[in-house]
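A.B. asks: Build me a model from this:
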Amino acid sequence: MYLLHGGTGDDSDYIHFSNILRYAEEHKIAVVMPSGHNSSYENEPEHVQPWPHRYWDFVFDELPRVCATMFPISTKREDTFVAGLSMGSMGAAKWAVYGPERVCAAVLMSGGGMDTNKIMHIVGQYGSEGGGTDFNVDVKGLKAQGFKLIDTDDKLYRTARENVVQGKPLPKLFMTCGGNDFIRIFAHECRDILKGYGYDVFYEEIPGYAHEWDFWDLALRKALDEWLPIRHDVLLPEQACLPTDNKKRGI
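C.D. replies: So this is what the prediction gives:
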């Protein structure tokens, strides 16, 4: 499972603020947590100097190939999942839409494909530069990532629709959001649009939670315990039966 962090966070967030290590151990699943800074998992424009950071190419293309080369993990579609929270849910939605043949399911926590202009409007209403909001959001960081995202949601939904028309395999989408989360209206919008296209979308909203780690930890546990079709058998049975005697190994 490729697990993407949110805005103003980094690759260590899940280690520090959730129980993902315990959940991964319980289910014997490899969890890959890359750092995307505040990129919204987008490539920077070519004119950025001295060179543009290609965050999307790294996460979507380079990272899976490196992991498959270095670790004994399955690369089969049915064994591969992507998940993310807030900004990371947008990256996970992109992965599911742009690479539907590579992942069988995506978990979108507190987000999905979202209209960045609307998000910036709400952030402007509820907070000020450098401070928090009633929703416990870093306004300055959210604005910074938002400016990089303008119009990407249109491309996401256009590609999602094309996938259906072309008969591509569609990943199962598990969406969840806190009942008090400021981003809830955008999660509803994403859910309704993708359902309308024909995607299999499961949506759960839990009252009493906002944009917070208590909720995301609960969502991760639910995803691994109940939602994702995780295989719990040995992926490489021939490796489990290797002889231990050095002579039989030819050593």
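
A.B. asks: Can you give me the first-to-last residue distance of stretch 73-91?
C.D. replies: Using Cα to Cα, to the nearest Å, the end-to-end distance of stretch 73-91 comes out at 22 Å.

A.B. asks: how about it: buried residues?
C.D. replies: Residues 73, 79-91 are the ones in stretch 73-91 that count as buried (16 or more other Cβ atoms under 10 Å). Bear in mind the C-beta positions are built from the backbone N, C-alpha and C, glycine included.

A.B. asks: So which of the residues you listed is the closest to Pro52?
C.D. replies: Gly91 (17.5 Å; Cβ to Cβ).

A.B. asks: What are the boundaries of the helices in the stretch 151-251 of the chain?
C.D. replies: Here the stretch 151-251 of the chain has its helices, by DSSP state H, counting those that start in this stretch, at 152-165, 184-197, 213-222, 237-240, 246-249.

A.B. asks: Now those helices in a markdown table, please, with extra columns for mean neighbour count and distance to Val59.
C.D. replies: Listed next are the helices of the stretch 151-251 of the chain as a markdown table, based on neighbours: other Cβ atoms under 10 Å; distance: least, Cβ to Cβ, whole Å:
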| stretch | mean neighbour count | distance to Val59 |
| --- | --- | --- |
| helix 152-165 | 16 | 14 |
| helix 184-197 | 18 | 20 |
| helix 213-222 | 19 | 19 |
| helix 237-240 | 8 | 28 |
| helix 246-249 | 8 | 38 |
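
A.B. asks: Report the contact partners of Met87.
C.D. replies: Contact analysis of Met87 by Cβ atoms under 8 Å, 6 or more residues apart in numbering lists Leu4, His5, Gly6, Gly7, Gly36, Asn38, Ser40, Tyr41, Gly111, Gln145.

A.B. asks: picking that back up, go through the helices of the stretch 151-251 of the chain and find the least confident stretch.
C.D. replies: Note on the helices of the stretch 151-251 of the chain: lowest mean pLDDT is at helix 246-249, with a mean of 43.

A.B. asks: Look at Arg102 and report its pLDDT.
C.D. replies: 97.

A.B. asks: Wait, a strand at it?
C.D. replies: No. Assessed with DSSP: H, G, I helix; E, B strand; the rest coil, Arg102 is coil; it does not lie in a strand.

A.B. asks: residues of stretch 51-71 that come out buried?
C.D. replies: Neighbour counts over stretch 51-71 (16+ other Cβ under 10 Å) mark Arg54, Tyr55, Trp56, Phe58, Val59, Phe60, Pro64 as buried.

A.B. asks: Filter these down to the ones in helices?
C.D. replies: Those of those mapping onto helices are Tyr55, Trp56, Pro64, per DSSP state H.

A.B. asks: Now render those as CSV, adding distance to Phe186 and pLDDT.
C.D. replies: Formatted as CSV, those follow (distance: Cβ to Cβ, whole Å; pLDDT from 0 to 100):
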residue, distance to Phe186, pLDDT
Tyr55, 21, 93
Trp56, 20, 94
Pro64, 27, 97
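
A.B. asks: now, which of those residues sits nearest Phe182?
C.D. replies: Tyr55 (24.6 Å).

A.B. asks: The closest one contacts Glu42, correct?
C.D. replies: Yes. Tyr55 is within contact range of Glu42, at 6.3 Å (criterion: Cβ atoms under 8 Å).

A.B. asks: looking at this protein, which helix or strand does the model trust least?
C.D. replies: The helix or strand of the chain with the poorest confidence is helix 246-249; it has a mean of 43 (mean pLDDT, DSSP states H and E).

A.B. asks: His47: neighbour count?
C.D. replies: His47: 6 surrounding residues under other Cβ atoms under 10 Å.

A.B. asks: so which strand or helix has it?
C.D. replies: Under the criterion of DSSP states H and E, His47 resides outside all helices and strands.

A.B. asks: list the contacts for it?
C.D. replies: Taking Cβ under 8 Å, 6+ apart, one finds nothing in contact with His47.

A.B. asks: low pLDDT regions in the stretch 51-200 of the chain?
C.D. replies: 114-153 (pLDDT under 70).
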